[in-house]
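In: Fold the stuff below for me.
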Amino acid sequence: MKKKTIQDIDVKGKKVIVRVDFNVPVKEGKITDDTRIRAALPTISYLKDKGAAIILMSHLGRPKGKVHEEMRLGVVAEKLEELVGQKVLYAKDCIGPEPQEMAEKMEPGDILLLENLRFHGEEEKNDREFAKKLASLADIYVNDAFGTAHRAHASTAGVAEFLPAVAGLLMQNEIGIMGKALENPERPFVAILGGAKVSDKIGVIQNLINKVDVLITGGGMANTFLAAQGKNMGKSLVERDKLDLARSLMEQAREKGVDFLLPGDLVVADAFAADAQHRVVSVDQIPADWMSMDIGPASAENFGKVIKSAGTVLWNGPMGVFEMIPFARGTEEIARAVTESQAVSIVGGGDSVAAIHKTGLADKITHISTGGGATLEFLEGKELPGVAALENK
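Out: Numbers count the residues shown, from 1 in each chain. This is a model prediction of the structure:
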């Protein structure tokens, strides 16, 4: 990685402000998934062991510049206390007298969590004065929030103007592993793209066509490519205004010698519902009033064989309407194939990650990305503002 990390600087006796991604799901005052909090623990432990006082800042939800009691970070402070096994100080604001006073009194090894950054509208506007106030609490800035690195906000980019700025261990890991996959992958390099729309992933497809050996497409976006080949897709979700683009992407893949794989069979249903009538058909035989809901068993098997022979696998997006049990099988079969392959495996995007966790085989994946939009923009080859702001080695 070309950016400095916490391992390149001396933090002993320093106050270090760390942008973390603690945007966790909270239901009735309880955190339902603490993955993002756990992902920050290596950086917190490292800074503590090296004698730093640690100030953590994050957003939660979308409060749009107003205080919402249910989006306060108190519940996160409690969970973090449980995970780190020590008292976590918690400020009821992220700027102003209270956090200032608390930060001044901190000793090495202390941990302070600031209140939800997005209670202040200035955060998302990357307001310079707001960033300066955050920076005034500390001596060093660390960005460990890969999930928000594609946003130029005060806490992800602005603060770096006022303090020495380096990457945390999670950020280093995300950029290092995905960067190597894109620049110097073990081959064959197989990318699996799913999800509803081609339009969401145009940039990703265009960038990956120049890097992969095989591109497997499933989910709703496969319908648009199949329609572009002249298949009658019945009532399936098809982006009619993207048919020419789909043809051009398949042509680009062919010119580059990339194997562009589409499903040969599909699970179709007579309604968009979990209890709809459904059956498996060839892509040439979709009934006029039915819609595609998942890849079929033959496609899942064919894709699985390709995945198992890969050197690097990158997976983003489900193969079907994964949240409805009858149409989850394609995604689950792909998840199983990815975990059974000997490849360097990278999984990003909420639904693909959920599918991997559902199989109980998450520990068999080389890297599960914590980013959604950030992962996609990184895969598009874009420079992320939160990474660009960090110091070069």
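In: mind listing the strands for the stretch 151-300 of the chain?
Out: Remark: strands assigned in the stretch 151-300 of the chain by DSSP state E, counting those that start in this stretch are 165-167, 189-193, 214-217, 259-261, 265-269, 278-282, 291-295.
In: between those strands, which gets nearest to A388?
Out: Checking these against A388 by C-beta to C-beta gives strand 165-167 as the closest, at 10.3 Å. (Glycine included, C-beta is placed from N, CA and C.)
In: what mean pLDDT would you report for the closest one?
Out: Strand 165-167 shows an average pLDDT of 98 in the prediction.
In: Give the buried residues for that strand.
Out: Residues of strand 165-167 classed as buried: 165-167 (neighbour count, 16 or more other C-beta atoms under 10 Å).
In: Columns distance to I17 on top of those, output as JSON lines?
Out: Converted to JSON lines, the buried residues of strand 165-167 look like this (distance: C-beta to C-beta, whole Å):
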{"residue": "A165", "distance to I17": "10"}
{"residue": "V166", "distance to I17": "12"}
{"residue": "A167", "distance to I17": "14"}
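In: Can you list the neighbours in contact with the worst-scoring helix or strand of the chain on mean pLDDT?
Out: Ranked by mean pLDDT, DSSP states H and E, the weakest helix or strand in the chain is helix 350-359, scoring a mean of 79. Under the contact criterion C-beta atoms under 8 Å, 6 or more residues apart in numbering, helix 350-359 has outside partners 194-195, 315-318, 322-323, 328, 331-332, 334-336, 338-339, 347, 362, 365, 368-369, 372.
In: returning to that earlier point: closest to G179 out of the strands of the stretch 151-300 of the chain?
Out: strand 165-167 (12.0 Å).
In: From the contact counts, what lies against the closest one?
Out: strand 140-143 (3 or more C-beta pairs under 8 Å, 6 or more residues apart in numbering; DSSP states H and E).
In: From start to finish, how long is stretch 254-271 in a straight line?
Out: 35 Å (C-alpha to C-alpha, to the nearest Å).
In: Name the residues of it that come out as buried.
Out: For stretch 254-271, burial by neighbour count (16+ other C-beta under 10 Å) applies to 258, 260-263, 265-269.
In: need the residues you listed in JSON lines with pLDDT and distance to L137, can you?
Out: Formatted as JSON lines, the buried residues of stretch 254-271 follow (pLDDT from 0 to 100; distance: C-beta to C-beta, whole Å):
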{"residue": "V258", "pLDDT": "98", "distance to L137": "49"}
{"residue": "F260", "pLDDT": "98", "distance to L137": "51"}
{"residue": "L261", "pLDDT": "98", "distance to L137": "51"}
{"residue": "L262", "pLDDT": "98", "distance to L137": "52"}
{"residue": "P263", "pLDDT": "98", "distance to L137": "53"}
{"residue": "D265", "pLDDT": "98", "distance to L137": "58"}
{"residue": "L266", "pLDDT": "98", "distance to L137": "55"}
{"residue": "V267", "pLDDT": "98", "distance to L137": "54"}
{"residue": "V268", "pLDDT": "98", "distance to L137": "57"}
{"residue": "A269", "pLDDT": "98", "distance to L137": "54"}
